[in-house]
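Visitor: I'll drop the sequence and a predicted model, then ask my questions.
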Amino acid sequence: MAETRHDYVLGHSEREFERLNVQARLFEPFTERFLREAGLRPGMRVLDVGAGHGHVSVLAARLVGAEGSVVALDQSEAAVSTIERWAAARGLSHVHAVQGDLGQTRFDTPFDAVIGRFVLMYNPDVTGVLRHLATHLRPGGLLAFQEFDFEGARALPESPTFTRAMTWMTDTLTRVGGHTRLGLELRRYFLDAGLPSPSLRLEASTGGDSDYLGYPLIAEVLQSMLPTMERLGVASEREVEAATLSQRMHAEVGARGGVIVLPSLMGAWATTPP
């Protein structure tokens, strides 16, 4: 079985679920374009792994329609119950949440597509996970993942606060074994897993206005990471000052006519042999 990570650095608190809501609002247009281009179509049976709060599961459910179905897989019991409530509140009876490990859980019926967003980056054995997930697909099935490349993040004009925030984030992820360049590494991992060379799509979210969601997202990510950051000696709560971080970044960048660019989003997708 593929080795997977259980000490999820962002945790599963209520605050983390709120952070996921901000993330979903910001990245949904990018993920929808990616999944449409990758080939998600009405009637498909889809497995969404590392489903978290279920935002990608709900998006996939809209794309496959009521004639299709989505199974949302997450290792957190709290996440699974949240997904079920969230889908039910939106009348999406074709979304079903399952608790399990993406590197070990098996299903009796194959899927038309296996998808995920920002999930492989937390796994030490990306090749093994991809190889395992491909076994869930029918012949000619679709494997599609969207991951970050943190090296794509930047600000103009240069912002000491933004630079420190991104350094804290990447240092913490690296120290717990996360992949901060996984977006650009996806093609290699697909090939190492014995999959066809994937198609690729690179995008990035950018903005400068005070209401740009990128500012609060960075602050919320660091707030969720703070217990791990303090444990590892990366930064303290006093250094981060998460409550004012968003405003300070805007003062250094957006208020001066500049923009921040969040980590790049790389989407990779491939279909298995028929």
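Guide: All right, it came through fine.
Visitor: what segments of this protein are strands?
Guide: Counting by DSSP state E, the chain has these strands, from start to end: 45-49, 69-74, 95-99, 111-117, 137-149, 154-156, 199-203, 206-207, 259-261, 264-271.
Visitor: buried sites along the fifth one?
Guide: Just to be clear, that refers to strand 137-149. Neighbour counts using 16 or more other C-beta atoms under 10 Å place 137, 141-149 of strand 137-149 among the buried residues. (Each C-beta comes from the backbone N, C-alpha and C, glycine too.)
Visitor: which elements pack onto it?
Guide: Applying 3 or more C-beta pairs under 8 Å, 6 or more residues apart in numbering; DSSP states H and E, we find strand 137-149 packed against helix 14-38, strand 111-117, helix 126-134, helix 182-192, strand 264-271.
Visitor: that one vs strand 45-49, what angle?
Guide: For strand 137-149 against strand 45-49, the angle by axes from the mean of the first three to the mean of the last three C-alpha atoms, to 10 degrees is 40 degrees.
Visitor: quick one, strand 137-149 and helix 14-38 angle?
Guide: For strand 137-149 against helix 14-38, the angle between stretch directions is 120 degrees (the same axes, to 10 degrees).
Visitor: walk me through which strands strand 137-149 pairs with, and which way each runs.
Guide: Sheet neighbours of strand 137-149, with direction, are listed as strand 111-117 (parallel), strand 264-271 (antiparallel) (DSSP bridges).
Visitor: quick one: distance of the first one to the chain centre.
Guide: Mean C-alpha position of strand 111-117 versus that of the full chain (C-alpha atoms, centre = their mean, to the nearest Å) differs by 13 Å.
Visitor: give me the buried positions along that strand.
Guide: So, applying 16+ other C-beta under 10 Å, buried residues of strand 111-117: 111-117.
Visitor: with stretch 158-173 instead?
Guide: Taking 16+ other C-beta under 10 Å as the neighbour-count basis, stretch 158-173 is seen to contain the buried residues 159, 161-162, 164-166, 168-173.
Visitor: off-centre distance for that stretch?
Guide: Averaging C-alpha positions (C-alpha atoms, centre = their mean) puts stretch 158-173 19 Å from its chain's average.
Visitor: coming back round to it: possible to save the helices and strands packed on strand 137-149 as TSV with mean pLDDT?
Guide: Listed next are the helices and strands packed on strand 137-149 as TSV, based on pLDDT from 0 to 100:
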stretch	mean pLDDT
helix 14-38	85
strand 111-117	98
helix 126-134	97
helix 182-192	98
strand 264-271	98
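Visitor: JSON lines for these, including distance to residue 257?
Guide: Shown next, in JSON lines, are these (distance: least, C-beta to C-beta, whole Å):
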{"stretch": "helix 14-38", "distance to residue 257": "21"}
{"stretch": "strand 111-117", "distance to residue 257": "32"}
{"stretch": "helix 126-134", "distance to residue 257": "40"}
{"stretch": "helix 182-192", "distance to residue 257": "28"}
{"stretch": "strand 264-271", "distance to residue 257": "23"}
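Visitor: any idea which of these gets closest to residue 46?
Guide: Distances from residue 46 to each of the helices and strands packed on strand 137-149 were compared by C-beta to C-beta, and the smallest falls on strand 111-117, at 4.7 Å.
Visitor: cheers, nothing more for now.
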